[in-house]
Every structure is written in C-alpha cells, then in structure tokens.
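Peer 1: What follows is a predicted structure for the sequence shown.
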Amino acid sequence: MTRTSSTVITISGVPGSGTTTIAKLLSTKLNLRLVYIGEIFRELAKQYNMSLSEFGSFAKENPKIDQELDNRQVDHARSGNVILEGRLSGWMTKNNNVEAFKILLSADLDTRVNRIMGRENKDYDQVKEEIISREQTELQRYEKIYGINYQDHSHYDLVIETTNLTPEQIVEKIIENLNLKHS
C-alpha cells in the first residue's frame with residue numbers, strides 16, 4: 001500500500017462485529033500504531049467502579065465522559081499514522097476535518113453474541129441482552145450529544161459485513177480498498 005505522509009484509518013462497528021480483531025491485524029500488517037477507544041472507555045468504567053452498561057448510562061447523563069474520549073481520539077488522529085478503533089472514530093475525524101479512511105464493520109446479532117460469548121465466558125441470553133441494552137444506550141447517548149446515528153453508513157469509505165468472513169479476508173478487503181484510494 002502506498003501511504004501518504006500521515007495515514008489515519010478508523011474502524012467502527014457494533015459490539016462483536018470484529019473491530020478489535022481487525023484493528024489489531026491491520027495495525028500489524030500496515031505497521032501503524034493502534035488506539036483502542038473501547039479500552040479507554042473500559043478503564044474509565046473501572047475507575048468509576050461501574051460495569052460497561054452502568055458506565056454507558058452514566059456517560060449518557062455526563063457529557064464530559066464523551067468529551068474526554070472525543071478529545072483523545074481527535075488528538076491521536078491529528079498526530080497521524082494511526083488506526084483508531086472505536087464506535088465514533090469515523091464521526092470524530094469527519095466532524096473535526098481530519099482526513100481518514102473510515103471503515104464500518106457489521107455482523108448479524110447471532111454471530112456477534114457468539115463471538116462475545118467466546119471471549120467473555122457468559123451465556124447466550126446474557127450476552128444478547130447486554131448487547132441490545134448497550135446498543136440502545138449508545139444510540140440514545142450519541143443522538144443526544146451529537147445528533148448522530150453512528151450506524152449510518154453514508155459517511156464511511158468502506159462498509160464490510162463480517163458475519164461470513166475470516167479476519168484475514170476482512171483485512172485483505174480493507175487493504176485492497178486502501179490501495180484503490182491511494183492509487
């Protein structure tokens with residue numbers, strides 16, 4: 001891939017769609033640093049002694065949480081040569097006039113539940129309920145704070161349905177599209 005002097009790639013998607021796995025693989029393949037916004041959010045939840053679901057609800061009522069995450073994302077994006085993996089990373093670069101290749105990953109609910117079950121050792125119904133609750137909270141929170149639906153596909157450069165693809169196939173598809181954009 002031919003890169004410009006400052007490459008910024010964002011990878012967004014719903015829980016269990018593969019964003020973290022793909023971001024890690026792509027980061028290694030392209031030798032770009034990776035900033036994982038979900039990890040920052042999880043660290044903040046732990047600092048506040050809350051579950052992810054509780055912290056999501058807390059953040060809905062406390063915009064300073066999202067502002068802190070947003071500022072960190074934009075700072076990383078502006079420094080360049082980075083992959084930002086986070087639900088709003090594509091929106092943050094767009095809204096702050098930072099040139100980026102914006103990717104959205106999606107997968108069907110059953111696949112996402114099974115992926116999360118595999119990594120968190122929880123049962124199907126519990127994971128499904130958590131995913132649905134988290135998505136509703138996030139959709140409401142992002143609508144209230146930003147007036148956006150992060151699942152709106154219209155501003156992404158590439159949307160990939162990951163249900164029936166391996167991580168390697170997804171990364172290959174991303175690199176092909178990056179090469180097309182930069183050729």
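Peer 2: Yep, it's here.
Peer 1: which of the residues in stretch 108-128 are buried?
Peer 2: 111-113, 115-117, 127-128 (16 or more other Cβ atoms under 10 Å). Backbone N, C-alpha and C define where each C-beta goes, glycine included.
Peer 1: Quick check: buried residues in stretch 24-39?
Peer 2: Buried residues in stretch 24-39 (16+ other Cβ under 10 Å): 24-27, 30, 32, 34-38.
Peer 1: outside of that stretch, which residues touch it?
Peer 2: By Cβ atoms under 8 Å, 6 or more residues apart in numbering, the surrounding residues in contact with stretch 24-39 are 1, 3, 7, 9, 11, 20, 23, 69, 72-73, 76, 81-89, 167-168, 171, 174-175.
Peer 1: what about residue 158, neighbour count?
Peer 2: Using other Cβ atoms under 10 Å, residue 158 has 19 other residues around it.
Peer 1: now do residue 170
Peer 2: Neighbour tally, residue 170, other Cβ under 10 Å: 22.
Peer 1: what's the answer for the one 5 residues further on, then?
Peer 2: Residue 175 has 14 neighbouring residues, counting by other Cβ under 10 Å.
Peer 1: Residue 23 too?
Peer 2: With other Cβ under 10 Å as criterion, residue 23 counts 27.
Peer 1: Now the longest helix anywhere in the chain: buried residues?
Peer 2: Secondary structure of the chain per DSSP state H: the longest helix is helix 124-146. Buried residues in helix 124-146, counted by 16+ other Cβ under 10 Å: 127-128, 130-131, 134-135, 137-138, 141-142, 145-146.
Peer 1: Need those residues in TSV (columns: distance to residue 47).
Peer 2: What follows is the buried residues of helix 124-146, written out as TSV (distance: Cβ to Cβ, whole Å):
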residue	distance to residue 47
127	24
128	28
130	21
131	24
134	19
135	24
137	19
138	20
141	19
142	22
145	20
146	24
